[in-house]
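S.K.: What would the 3D arrangement of this be:
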Amino acid sequence: MYMVSINQDNCVGCAACVDACPAKILGMENDKCEITGDAAECLGCETCIGICPNECFSIMEL
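M.R.: Sure, this is the predicted structure:
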């Protein structure tokens, strides 16, 4: 199981992470990326980390 965290202060709302997330747990709220799905479904693949231009994501294995 993984825990994904999003630094909202760095998010510019490009939504690249939303489109790229294979688990489809990310969405946009108020022009910022949010976890809108079941966070427990995070695969820990780090796709969001790789695609985010502003280093908004961190993932920790639980």
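S.K.: From now on I want contacts and neighbour counts done on CA atoms only, so please keep to that.
M.R.: Will do.
S.K.: Quick check, E55 in contact with E46.
M.R.: No - between E55 and E46 there is no contact under C-alpha atoms under 8 Å: 11.4 Å.
S.K.: Next up, phi/psi of the residue lying closest to S58 once chain neighbours are set aside, please.
M.R.: Nearest residue to S58, sequence neighbours excluded (C-alpha to C-alpha, 6 or more residues apart in numbering): S5, at 5.3 Å. The phi/psi pair for S5 (degrees, to the nearest 10) reads phi -120, psi 140.
S.K.: OK, contacts around S5?
M.R.: Each residue near S5 by C-alpha atoms under 8 Å, 6 or more residues apart in numbering is listed here: F57, S58, I59.
S.K.: ok, so of these, who is nearest N30?
M.R.: Distance to N30 across the contacts of S5 (C-alpha to C-alpha) is lowest for F57, with 17.7 Å.
S.K.: Excluding covalently adjacent residues, which one is nearest to the closest one?
M.R.: Per C-alpha to C-alpha, 6+ apart, closest to F57 is I6, 4.8 Å.
S.K.: Quick check: the one you found vs C56, distance?
M.R.: Using C-alpha to C-alpha, to the nearest Å, I6 is found at 5 Å from C56.
S.K.: One more: A23?
M.R.: 18 Å.
S.K.: same deal with N10?
M.R.: Taking C-alpha to C-alpha, one finds N10 at 6 Å from C56.
S.K.: who has more neighbours, the two?
M.R.: C56 (19 against 14; other C-alpha atoms under 10 Å).
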